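J.: next input, structure requested:
(chains A and B)
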Amino acid sequence: MRGWLRDVFLNLGPSAISHALMRLTGLALVVYLFLHIWTVGAVRRTAATRTPAESFDAALRAYDTPAGHLVEFLLLACVVVHALCGLRIVVADWFGLTRSQRGMLWGVAAAGAAILAVAVPFFLPHLVGR
Amino acid sequence: MMRDRTGGMWPWLLQRITAVLLVGGLAVHFTATHFAVERPLTFEVVRERLLSPAWVWFDLLLLGLALYHGLNGLHGVLLDHGIGPAVRRGSAWTLGALGVATFVVGAWILAPFAGVSP
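T.: Okay, here's the model as predicted:
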């Protein structure tokens, strides 16, 4: 862990930042995947006084708060960053474009910023509590 | 001597293939659960979609892809931090078992939505 951090900082630049972001968002997404399965699993953790449907709906409603939607936005950001950085690696590898990897990095940054900027208006009403 | 199967080409290639499939799959999953349906998302709304077997297969496929990609990625991180061959074999089997178990639980969770109740 400390060795990894040192490597990132010694090589600090766009590529090292991309690598660090890839790793951090990847770990965050694994955590989210299990949280997601757990949440949907509310349908199987039904109290005697409820139907499975009510149990599921209540579990989803619990996230319908400004903090819940902030986490949702962070989730989207993680997915977008991880997907774009990952696609850059796949494209560089499979299409022999390693020489263009630096340019693609700026493309990734621009595409990521654009996607998240488009998403903000959808989230904003929920973040300020309607 | 047993060959070390916990690194090498296949996990690497499958990580790339699942990556590309997940980009498309997640876009569909996201659209199906946030835009193509009435809101708020409820049990009934999800059940309506999962009445179609194609959607059940899609969700199961996405679950499998996400688990493989996530846990294989996690294993890659462990390898990066220099775990030895013995630990490596153990960690590969552990993460593999965790993935299979979680897939079974995930399918079990999906069943009520699909109107199946094992």
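J.: which residue does chain A bring closest to chain B?
T.: Using CB to the nearest CB, residue A:53 is the residue of chain A that sits closest to chain B, at 3.7 Å. For glycine as for every other residue, the C-beta is placed from the backbone atoms N, C-alpha and C.
J.: isn't that residue up against residue B:113?
T.: No. Using CB atoms under 8 Å, residue A:53 is not in contact with residue B:113, being 9.6 Å away.
J.: which one's more surrounded, those two?
T.: residue B:113 (24 against 17; other CB atoms under 10 Å in any protein chain shown).
J.: not counting sequence-adjacent ones, nearest residue to the more buried one?
T.: Nearest residue to residue B:113 in three dimensions, chain neighbours excluded: residue B:50, at 4.6 Å (CB to CB, 6 or more residues apart in numbering or on different chains).
J.: what residues does chain B have near chain A?
T.: Within reach of chain A by CB under 8 Å from any CB of the partner chain, chain B has these residues: B:16, B:19-20, B:22-23, B:26, B:40-44, B:46-47, B:63, B:66-67, B:70-71, B:73-74, B:77, B:80-81, B:102, B:105-106, B:108-110, B:112-113.
J.: burial measure for residue 32, as a count.
T.: You didn't pick a chain, so chain A it is. Around residue A:32 there are 19 residues (other CB under 10 Å).
J.: think we crossed wires, I meant chain B
T.: Count around residue B:32 with other CB under 10 Å applied: 15.
J.: the host helix or strand of it: how far from the chain's middle?
T.: Assigned by DSSP states H and E, residue B:32 falls within helix B:9-34. In terms of CA atoms, centre = their mean, to the nearest Å, the centre of helix B:9-34 is found 9 Å from the chain centre.
J.: list the contacts for the residue of chain A closest to chain B?
T.: A:43, B:42-44, B:47 (CB atoms under 8 Å, 6 or more residues apart in numbering or on different chains).
J.: what is in contact with residue A:53 and residue B:113 at once?
T.: With CB under 8 Å, 6+ apart, residue A:53 and residue B:113 have common neighbours A:43, B:43, B:47.
J.: just to revisit the earlier point, which one (most neighbours) among the contacts of residue A:53?
T.: residue A:43 (23 neighbours).
J.: distance of the nearest residue to that one once chain neighbours are set aside relative to residue B:66?
T.: Nearest non-adjacent residue to residue A:43, counting by CB to CB, 6+ apart: residue A:56, 4.3 Å away. According to CB to CB, to the nearest Å, residue A:56 stands 20 Å off from residue B:66.
J.: related to what we said a few turns ago, ok, the shared contacts of residue A:53 and residue B:113 vs residue B:9, which is closest?
T.: residue A:43 (39.3 Å; CB to CB).
J.: sorry, back to before: right, and the residue nearest to residue B:113 touches residue B:114 too?
T.: Yes. Using CB under 8 Å, residue B:50 is in contact with residue B:114, at 4.6 Å.
J.: overlap of the contact sets of the two?
T.: Common neighbours of residue B:50 and residue B:114, using CB under 8 Å, 6+ apart, are residue B:56.
J.: regarding residue A:50, what is its secondary structure?
T.: coil (DSSP: H, G, I helix; E, B strand; the rest coil).
J.: nearest residue to it in space, please, no chain neighbours.
T.: residue A:58 (7.7 Å).
J.: quick check: the one you found touching residue A:45?
T.: No. With contact defined as CB under 8 Å, residue A:58 does not reach residue A:45; the gap is 10.6 Å.
J.: in chain B, what spans have low per-residue confidence?
T.: Chain B contains residues with pLDDT under 70 at B:1-7, B:118.
J.: nearest to chain A: which residue in it?
T.: For chain B, CB to the nearest CB, closest residue to chain A: residue B:43, 3.7 Å.
J.: I'm done for today, thanks for sticking with me.
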